[in-house]
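J.: Give me coordinates for this.
(2 chains)
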Amino acid sequence: MDYYPFDASKLAKLTPGKSTVAQVTEMLGAPSNIVKLSNGNAYIYRRSLSKGTGIWLLIVSFGNYDKHYDQIVIFFDKKNILTHYGVTLDAHKAAYGLPF
Amino acid sequence: MHTRQPMVSPFKIFPFVMYPFIVGSLITGCVSYRVIKAVEGRSVPNIFAEFQVGRTTLQEALQTLGAPDQVAELEGKDVLIYQQSLLSNSGLSFGIPLTDIWGPGFDFSAYGELVRYDLVLLSFTLDGILREIASEKGSHYPYLKTMLSEMQQ
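T.: Predicted structure coming up:
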């Protein structure tokens, strides 16, 4: 699957105390996972980018694999109102390289 | 009238190329060593200096650390987990490839794989106040020493 980053302009519209589940799913689409919490739910949006490198030098071979994520975790209360959210946009940090 | 030139061996023309090529080909068929490293996720920060149990809020944790890698409910508490996994794999193989000319050959290989985790677990009350911090710095354990520890015992 092709990697495509989250739209930063949409993230700015997330408003604690106001945004609802319906508004968030309309903006960001279906979440990757939903976790039931003690006083609501957490909607998890996740995308990843992996880069692998391989080098063969006669008898020695080296491999390197780097995987990073873009993640948004949005917490909703029992009334489906957004209470908190956290954003990590690290997928672009995935890099080719050597294993040492 | 053409006089036929005797064929000159490539070993005489390119000795610095041919001999290493032959030796390299033989060695490649006999011995190989591989090293693989895989990193998944971002590095886990040391938050003990910044975060205080009973004071730090869920909002502050999310602002400082970003989205957690895992979220769970545990006995009425909301738990956030931040983690990075580091896989190290190495293997050594030694064998004589005689299958084509003789039939049976022999081969010896040894490999090891170690996955280490750096983890931070934050547990929050229903009010969103930090109640517990736990962390593990698995990447501090040296790969080779861990892999060879059984041989040292």
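J.: For chain B, which segments count as strands?
T.: B:31-40, B:70-74, B:77-96, B:106-124, B:130-137 (DSSP state E).
J.: residues in contact with the residue positioned nearest the centre of chain B?
T.: Central residue of chain B (CA atoms, centre = their mean): B:S88, 2.3 Å from the mean position. By CB atoms under 8 Å, 6 or more residues apart in numbering or on different chains, the contact list for B:S88 reads A:P99, B:I36, B:K37, B:E113, B:L114, B:V115, B:R116, B:Y143. Quick note: C-beta positions are derived from backbone N, CA and C, even for glycine.
J.: Which strand residues bridge the residue lying closest to the last one once chain neighbours are set aside?
T.: Spatial nearest neighbour of B:Y143, chain neighbours left out: B:S88 (4.5 Å); criterion: CB to CB, 6 or more residues apart in numbering or on different chains. On the basis of DSSP bridges, B:S88 takes part in beta bridges with B:K37, B:L114.
J.: Tell me the confidence at B:S88?
T.: B:S88 is assigned 93 on the pLDDT scale.
J.: Likewise for A:A8?
T.: pLDDT, A:A8: 79.
J.: Would you list the phi and psi of it?
T.: Main-chain torsions, A:A8, degrees, to the nearest 10: phi -60, psi -30.
J.: how close does the residue nearest the centre of chain A sit to B:L122?
T.: For chain A, the residue nearest the mean C-alpha position is A:Q71 (2.0 Å; CA atoms, centre = their mean). Here the criterion is CB to CB, to the nearest Å. By it, A:Q71 lies 15 Å from B:L122.
J.: So, low pLDDT: which residues of the chain?
T.: Chain wasn't specified; assuming chain A. A:1-2 (pLDDT under 70).
J.: actually it's chain B I care about, not the one you picked
T.: Within chain B, the stretches with pLDDT under 70 are B:1-7, B:10-11, B:21-29, B:97-104, B:150-153.
J.: near chain A, which residues of it show up?
T.: Within chain B, the residues that sit near chain A (CB under 8 Å from any CB of the partner chain) are B:24, B:27-28, B:31-42, B:58-59, B:61-63, B:65-69, B:71-73, B:76-78, B:87-88, B:126, B:128.
J.: Only the buried subset of those residues, as a PyMOL command please.
T.: Per 16 or more other CB atoms under 10 Å in any protein chain shown, the buried members of the residues of chain B next to chain A correspond to this PyMOL selection:
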select buried, chain B and resi 32+34+35+36+37+38+39+40+41+42+58+61+62+65+66+67+68+69+71+72+73+77+78+87+88+128
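J.: what about A:Y85, how many residues close to it?
T.: If you count neighbours by other CB atoms under 10 Å in any protein chain shown, A:Y85 ends up with 23.
J.: Tell me how many other residues crowd B:Y141.
T.: Using other CB under 10 Å, B:Y141 has 12 neighbouring residues.
J.: ok, it - contacts?
T.: Residues in contact with B:Y141 (CB under 8 Å, 6+ apart) are B:R116.
J.: show me what contacts B:T56?
T.: So B:T56 contacts B:E50, B:I129, B:L130 (CB under 8 Å, 6+ apart).
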